[in-house]
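Kindly return the folded structure for what I paste below:
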Amino acid sequence: MYAISLGDDGAELRPLEPWRAEEFLAHLDRGREFIGRFIALPDAAEDLPSARSFLQSYAEKAASDTGRIFGIWADGELVGGVLFRTMDV
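Residues are numbered from 1 along each chain as shown. Model (predicted):
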């Protein structure tokens, strides 16, 4: 696993992998209503099994170079993310 520094404040960009499903779900729950106004992601991860399945689908996309999901961490807490739903490397 790798981390890319996002600046002097210590924020990092890292792959968001299936083993982080609990942390991903907690982050999503904190902003579910807000996020849901813009994208359908909250519907795709409503509980731990669906969150794990969602992240697993992106692990498979990463392995085939067809998509990616990254998390943004600040002070050790997942605070955001970047999602590439489809891509053609």
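
and Gly71, which of the three is it?
Following DSSP: H, G, I helix; E, B strand; the rest coil, we place Gly71 in the strand state.

Now do the contacts for it.
Leu13, Arg14, Pro15, Leu16, Arg20, Phe24, His27, Leu78, Gly80, Gly81 (Cβ atoms under 8 Å, 6 or more residues apart in numbering). Yep, even glycine has a C-beta here, placed from its N, CA and C like the rest.

Now, of these, which are buried?
Among those, those classed as buried by 16 or more other Cβ atoms under 10 Å are Leu13, Arg14, Pro15, Leu16, Arg20, Phe24, His27, Leu78, Gly81.

got the contact list for the worst-scoring helix or strand of the chain on mean pLDDT?
When the helices and strands of the chain are scored by mean pLDDT, DSSP states H and E, strand 4-5 comes last with a mean of 76. Contact with strand 4-5 is made by Ala11, Glu12, Leu13, Arg14, as judged by Cβ under 8 Å, 6+ apart.

how about a cut-off of 10 Å?
Ala11, Glu12, Leu13, Arg14, Phe70, Ile72 (Cβ atoms under 10 Å, 6 or more residues apart in numbering).

what's the farthest-apart pair in those?
Using Cβ to Cβ, those span at most 12.0 Å, a distance reached by Ala11 and Phe70.

Pull the distance from the host helix or strand of Gly31 to the chain's centre.
Element membership of Gly31, judged by DSSP states H and E, is helix 21-36. Helix 21-36 sits 10 Å away from the centroid of its parent chain (Cα atoms, centre = their mean, to the nearest Å).

Check stretch 80-89 too.
10 Å.

List the contacts of it.
Contacts for stretch 80-89 (Cβ under 10 Å, 6+ apart): 11, 13-14, 16, 24, 27-28, 31, 35, 39, 41, 58, 61-62, 64-74.

Please consider this matter closed, and thank you.
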